[in-house]
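sequence isn't available, so here's the structure alone:
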DNA sequence: ATTCTAGTTGAAACTAATTGCGATTACAAA
DNA sequence: TTTGTAATCGCAATTAGTTTCAACTAGAAT
């Protein structure tokens, strides 16, 4: 369990401790290809290492968010989900009627980001947004 | 306690029951000039009418959301906040460093809304957005 | 190898919000 | 005015996430 990835290296360089719990959590996040919840991370870890507390998972995610190493998103399923920031940014259009999710490239929000910077001198964190509404099939 | 407002009228016309609990909740929402939380609504009501349960407040807010009579927003304070939809739409830029909140007119997101409609035929609900980032004073 | 200590963890308590269910009630129809 | 019933409510349990605090430990310093 020493295959260090991008996030692990970053944490180490920044002087954070690499505890076994953190290594496990980082490994699960880096090896998941879609958005994963805290609960799912915890379940995967507990299977092999029953002594990891869910609050440690939340605390690690909090740390990774603060360091911009993961982005979080609320897709409307009652749980916040996480994604490694270095695996590319994107957004989601979520239909509130049928639940369909349309993926959107980061570039779709670039004009908005530019406008906010120009007019308000505000650097918006628009790396992973969920936009709710109605898809083409659910419009009345 | 029968001064019916805009939301009350709407609910009535749609065939929803006007229970005393609902009337109280609607009155508090319509008379609050800024964003209010479920907890705050409940506290205000309980002062005069101690038998209203907090879950009724949440359920009423859920209904009003579904009917687009209120918009909700997460300003980052650990509670979701609510605003009557008929009192005008707007957005907020929230600085994650100092907490400053810059208010934004609805029109700021009109170009994005148009793009999503044109390119994805998606009707985005962009009536009350919180955009996190860094304000001009907190940029390094 | 041993010691030191700030960073980290587990456990339990707590907060915001949601849900299941039996009891209550607004209001339409008799 | 009374009745019937689906909508609504209160209560208690549940879920997702956060916080507090005492105990533990990674990793630097000796």
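Thanks, I have the structure now. This one's a predicted model, so the numbers in the text were calculated from it and none came from an experiment.

got the buried residues for the worst-scoring helix or strand of chain A on mean pLDDT?
The weakest-scoring helix or strand in chain A, judged by mean pLDDT, DSSP states H and E, is helix A:6-13 (a mean of 91). Across helix A:6-13, burial judged by 16 or more other CB atoms under 10 Å in any protein chain shown covers A:7, A:8, A:10, A:11. Any C-beta I mention is one placed from the backbone N, CA and C, and that applies to glycine too.

let me know the closest of those to residue A:36.
residue A:7 (13.4 Å; CB to CB).

can you give me the strands in chain A?
Taking DSSP state E as the test, the strands found in chain A are A:36-37, A:70-74, A:80-84, A:90-95, A:101-105, A:123-124, A:130-134.

sorry, back to before: so what does the least confident helix or strand of chain A touch, helix or strand wise?
Packing partners of helix A:6-13 (3 or more CB pairs under 8 Å, 6 or more residues apart in numbering or on different chains; DSSP states H and E): helix A:20-31.

what comes into contact with the helix it packs on?
The contact list for helix A:20-31 (CB atoms under 8 Å, 6 or more residues apart in numbering or on different chains) reads A:1-3, A:5-8, A:11, A:16, A:36, A:41, A:44-45, A:48-49, A:52, A:56-57, A:60-61, A:64, A:70, A:82, A:84.

what is the rounded mean pLDDT of it?
Helix A:20-31 carries an average pLDDT of 95.

and if you look at stretch A:71-87?
Mean predicted confidence for stretch A:71-87 is 93.

buried residues in that stretch?
Under 16+ other CB under 10 Å, the buried positions of stretch A:71-87 are A:71, A:72, A:73, A:75, A:81, A:82, A:83, A:84, A:85.

looking at the strands of chain A, which is nearest to residue A:111?
Per CB to CB, nearest to residue A:111 of the strands of chain A: strand A:123-124, 11.6 Å.

who touches that closest one?
A:112, A:113, A:116, A:117, B:93, B:131, B:132, B:133, B:134, B:139.

the domain parsing of chain A - what is it?
Domain segmentation of chain A under automatic domain parsing yields A:6-85, A:90-138.

how long is the first one end to end?
Terminal residues of domain A:6-85 lie 10 Å apart, using CA to CA, to the nearest Å.

what do you get for the shortest one?
Criterion CA to CA; first-to-last residue distance in domain A:90-138 is 23 Å.

before we move on, back to that, can I get the buried part of the contacts of helix A:20-31 as one ChimeraX selection?
Burial among the contacts of helix A:20-31 is assessed by 16+ other CB under 10 Å; the matching ChimeraX selection reads:
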select /A:7,8,11,36,41,44,45,52,56,57,60,61,64,70,82,84
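
what sits up against stretch A:66-80?
Stretch A:66-80 is contacted by residues A:7, A:10-11, A:14, A:29, A:35, A:37-39, A:61, A:64-65, A:81-86, A:89, A:92, A:94, A:96, A:101, A:127-130, A:132 when judged by CB under 8 Å, 6+ apart.

close to DNA strand D, is it?
Yes - applying CB under 7 Å from any atom of the strand, one finds stretch A:66-80 touching DNA strand D at A:78, A:79, A:80.

can you pull the contacts of residue A:59?
Residue A:59 is in contact with no residue at all, counting by CB under 8 Å, 6+ apart.

state the distance from it to residue A:18.
15 Å (CB to CB, to the nearest Å).

and for residue A:132?
To residue A:18, residue A:132 is 38 Å away according to CB to CB.

cool, residue A:92 as well?
Between residue A:92 and residue A:18 the distance is 32 Å, computed by CB to CB.

which one of these two has more residues nearby?
Set side by side, residue A:92 and residue A:18 show more neighbours around residue A:92, with 17 against 14, by other CB atoms under 10 Å in any protein chain shown.

who in chain A is up against chain B?
A:93, A:95-96, A:102, A:104, A:108-109, A:111-112, A:115-116, A:119-126, A:131-136, A:139 (CB under 8 Å from any CB of the partner chain).

how does it look with 6 Å?
Contact residues, chain A versus chain B (CB under 6 Å from any CB of the partner chain): A:93, A:102, A:112, A:120-125, A:131-136.

what about those, which one has the most neighbours?
The residue in these with the most neighbours, by other CB under 10 Å, is residue A:122 (24 neighbours).
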